[in-house]
Every structure is written in C-alpha cells, then in structure tokens.
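> return atomic coordinates for the entry below.
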Amino acid sequence: MSRTLRRRIVITGIGVIAPNGLTLDTFWDSLCKGTATAGPVTRFDASAMHSKLACEITGFDATLFIEPAKAKRYDLSILYAIAAAKSAVADAGLDLSREDMDRFGVVEGTTVSGLGNTLREHTKFIEKGYKSIQPTRLVNASCGGGASEISIELGARCQATTITTACSAGNDALGYAARTIRDDLADIMIAGACEAPIVDGYYAIFSAAGVMSRNNENPKKAMRPFDKDRDGLVLGEGAGFLILEELSHALARGARAECRCPPPRLDPPRGEGTAARNGACVSGRRDSDRHGRLHQCPRFGYRAE
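From the prediction side, this is the model:
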C-alpha cells in the first residue's frame, strides 16, 4: 500500500456562522430543536417581488474576529468565512505558533463570494462616476477573496484554493482538502464554504425565476423541502468550515477527533462517475463494510462506529 493511502484523515474542529447560530453550540441546539429562522427581508426593499423572505444572520460582530478597519472593507461573505474559519481553529485547539504553516492550507467553496460589494460599487459607479470606486472593495469581492483572506489571517502558506461549483462547492472543497492531505501535500487543511447572497440584484433573479417560496405570511413554515405542498426555497447566508488533519499529526498534539474520513474507493461501482468518487471521503455513506464510512460525531450524542 502506498504512503498516500496510509495517510488517514480526521476532522478535529468545526466552525459555523449561520442564521440559526453564531457559535457551534447554539447552531447545534437550534438544529435539534428545529428552530426556523426565515423572516421578512430587511437588507433591501423586496415589496415589489413575489418572494419577500430570507434567512438573514443577525447579531454578527465581525470585529470579534478581525480588525475594525478590515471589517469595514470586506464583503459579508468574507467576514463570515474568516469568523467560521477562526472558530474552527479554536474548536480544534490548534496553536498555530507551533505548526508548520507551509503544511497548512485553505480550501473555500463559494458561488457568488463578494457579490454584495461588487453590486454596491457598480451602483456607485453608475450614480457618482469613476472616482467614487473603492478598489479594495472590488479586489476582495473576487471569488478567491475568502480563501485568500483566511490564509492571510491565519498565516497558512500551503495553498489558498477556491472552488466555485455552485451548490456542491462546500462538499467539493472538503473532498479537495482531504485529497491534499492524503497526497502528503499538507498535514492540516481548513475547508468549507461561505455565502452572502441576500443582495437585491441577486435575490431578484431568484424571485423572478420562481424558485423561492412565496409563503410570505407564514415565514417559519416556508422552507419545507419534503412537504408535498412545498413551493420553493428560502435564500440564506453564512459560513461553515472544518479542520481536516492527518491522523498521526492530530494524535501527536492530543487533538479530539470528531470523525474520520474513510479511505478513497479503489473500485467504485460503474456509472457513479468521477464526482461521486472524489466526494466519497465526505459523503458519510456506507458503500461497503470494506470501504468504511464517515464516523458520526460522538461529541453531540451520536455513536461512533
């Protein structure tokens, strides 16, 4: 067996910023209680749109995670990403001053990244002209902004990669990070996704397309994907990042493992495709006893196998 196949991977830290929780504990508690967070859009006037609901994050203070000057400059998606990433590092108990940061990388999944800043600067350009544009806002609005800023904030030097594969971007980021560790290119990877799409121009597209719920009078019941009377999705925002770590590295520093990623499949059933093979390490699905599974998290009351 090659060395890369012997490199086992565990998840040692979790960080989340979401409408239903700004900390991991509150997020998990709200999930267990089935707390709904959908409500009327407050970021802009949606009165003329068919859909008027969103799951917005409230009470978020970016200055708890980043300097105030940077907090004013960055798009919400990047601020959410930095906050979730730093929360994951803290949850993992990592002392970055003792780590080889050339072996620490970042993979971020996103679809629109800093779209809010882009649209705002475009509006300023149309209304006030060229001299009103703030270059720093547009630079960090690029799709690579989140991964880059996380790397800068943490000092990670292995890589800063952004994956933009729409709804699967977060899962793809985890698979990419796991493969990076398995290929012995890194010992620690922070991977996840961030999004802040509740912006007037973008929201309007979803509303006009008819894919969002119009249950505006009953927002807490609007998001019901498994109901026969469902009428669409509710747009939300937030970020979630995990610390993926090579097992021996985690054991050497006495880390708590939340779960582990199974080894890559060597003989996937015909027809599943490359994407299914690449994502197998994060699917949590039992393919066979021989391939194992993503162990469930004992920290929150689940049984690890």
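> for the residue nearest the centre of the chain, which three-state class applies?
Taking CA atoms, centre = their mean, the centroid of the chain lies closest to Ala193, which sits 2.0 Å from it. Three-state assignment for Ala193 (DSSP: H, G, I helix; E, B strand; the rest coil): strand.
> that one: what's it in contact with?
The neighbourhood of Ala193, defined by CB atoms under 8 Å, 6 or more residues apart in numbering, consists of Glu108, Gly109, Thr110, Ala169, Gly170, Ala173, Ala239, Gly240, Phe241. Every residue, glycine included, has its C-beta placed from N, CA and C.
> same check on Ala54?
Here Ala54 is in contact with Ala38, Gly39, Pro40, Val41, Arg43, Ile198, Tyr203, Val234, Leu235, Gly236, Glu237 (CB under 8 Å, 6+ apart).
> which of these count as buried?
The neighbour-count test (16 or more other CB atoms under 10 Å) marks Ala38, Gly39, Val41, Ile198, Tyr203, Val234, Leu235, Gly236, Glu237 as buried among the contacts of Ala54.
> okay, strands next: where are they in the stretch 51-200 of the chain?
For the stretch 51-200 of the chain, the strands defined by DSSP state E, counting those that start in this stretch cover 53-54, 104-109, 160-163, 188-195.
> closest one to Asn215 among these?
strand 53-54 (7.4 Å; CB to CB).
> gap between the closest one and the chain center?
20 Å (CA atoms, centre = their mean, to the nearest Å).
> in its sheet, what does that strand sit against?
Here strand 53-54 is paired, per DSSP bridges, with strand 39-40 (antiparallel).
> what does the strand it pairs with rub up against?
Outside strand 39-40, the residues that touch it by CB under 8 Å, 6+ apart are Ala46, Lys52, Leu53, Ala54, Cys55, Glu56, Asn216, Pro219.
> thinking again about what came up before, can I get the contacts of Ala193 in TSV with pLDDT?
TSV is the format used below for these (pLDDT from 0 to 100):
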residue	pLDDT
Glu108	97
Gly109	96
Thr110	94
Ala169	94
Gly170	94
Ala173	95
Ala239	97
Gly240	97
Phe241	98
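> those, buried ones only, as a PyMOL selection?
Applying 16+ other CB under 10 Å to the contacts of Ala193 leaves a buried subset, and the PyMOL line that selects it is:
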select buried, resi 108+109+110+169+170+173+239+240+241
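> okay, the contacts of Ala193 in TSV with distance to Thr63 next?
Output for the contacts of Ala193, formatted as TSV (distance: CB to CB, whole Å):
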residue	distance to Thr63
Glu108	21
Gly109	25
Thr110	23
Ala169	27
Gly170	26
Ala173	26
Ala239	17
Gly240	21
Phe241	19
